[in-house]
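# Sequence and computational prediction follow.
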Amino acid sequence: MGKFIYDSSVKVEFEDRLLAHLQAVIMAKVRRGESFPFTWKDDISIGGGRTTVYVHPYVSMVFKYHGSRNPQLSNSWLHALTYNANSGRGLYVIPEPDESAPREPEPRKGMVFREVPNTQVGQAATV
């Protein structure tokens, strides 16, 4: 289990693979100067509930890993976490998506261009 340490006062344990994904998402947003809330569920051993911190570029964060190997990152998990981080709710922990499950492609919405009649142009000139 690795640790996420926020502003040297909030310390929470995450599994190393999850922590690596969280670090990638958090650091990408911080590099762009973006601030956002980050929420996780607290372990029952510390009373349960949930904690939210407001991540911004000027706060100290430490990602401390238990293992020495860099975990393999999942593109679909990174995409899902980034999507959450960019939402109004902010970043929150979700399970890794099952990449073996078949996904139905979303239908593409084509852009529709319609001609606008000029009937009102003549009316505006007479007013």
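Alright, I've got the coordinates.
# And the strands in this structure?
2-6, 10-14, 36-41, 50-55, 61-64, 91-92 (DSSP state E).
# for the ones you listed, which one ends up most surrounded?
strand 91-92 (a mean of 20; mean count of other C-beta atoms under 10 Å). (Glycine included, C-beta is placed from N, CA and C.)
# follow-up on the earlier one: reformat the strands of the chain as a markdown table; add distance to Ile26.
Formatted as a markdown table, the strands of the chain follow (distance: least, C-beta to C-beta, whole Å):
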| stretch | distance to Ile26 |
| --- | --- |
| strand 2-6 | 9 |
| strand 10-14 | 12 |
| strand 36-41 | 7 |
| strand 50-55 | 6 |
| strand 61-64 | 7 |
| strand 91-92 | 7 |
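# can you tell which of these is closest to Val25?
The closest of the strands of the chain to Val25 is strand 91-92. By C-beta to C-beta, the value is 6.4 Å.
# hmm, who's touching stretch 70-79?
Here stretch 70-79 makes contact (C-beta atoms under 8 Å, 6 or more residues apart in numbering) with 16-17, 20-21, 24-25, 96-97, 99.
# do stretch 89-103 as well
14, 17-18, 22, 25-26, 36-41, 52, 55, 74, 76-77, 80-81, 84-85.
# got the CA positions of the longest helix that the chain contains in PDB?
When the chain is parsed with DSSP state H, its longest helix is helix 16-31. Taking C-alpha atoms only, helix 16-31 is exported to PDB below (Å, rounded to 0.1, in the frame of the first residue of the first chain):
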ATOM      1  CA  ASP A  16       0.300   1.200  -5.500                       C
ATOM      2  CA  ARG A  17      -1.400   0.600  -8.900                       C
ATOM      3  CA  LEU A  18      -4.300   3.000  -8.000                       C
ATOM      4  CA  LEU A  19      -1.900   5.500  -6.600                       C
ATOM      5  CA  ALA A  20       0.100   5.600  -9.900                       C
ATOM      6  CA  HIS A  21      -3.100   6.300 -11.800                       C
ATOM      7  CA  LEU A  22      -4.100   9.000  -9.400                       C
ATOM      8  CA  GLN A  23      -0.700  10.600  -9.600                       C
ATOM      9  CA  ALA A  24      -0.800  10.700 -13.400                       C
ATOM     10  CA  VAL A  25      -4.200  12.400 -13.400                       C
ATOM     11  CA  ILE A  26      -3.500  14.800 -10.600                       C
ATOM     12  CA  MET A  27      -0.100  15.800 -11.900                       C
ATOM     13  CA  ALA A  28      -1.400  16.400 -15.400                       C
ATOM     14  CA  LYS A  29      -4.000  18.800 -14.000                       C
ATOM     15  CA  VAL A  30      -1.600  20.500 -11.700                       C
ATOM     16  CA  ARG A  31       0.900  21.100 -14.500                       C
END
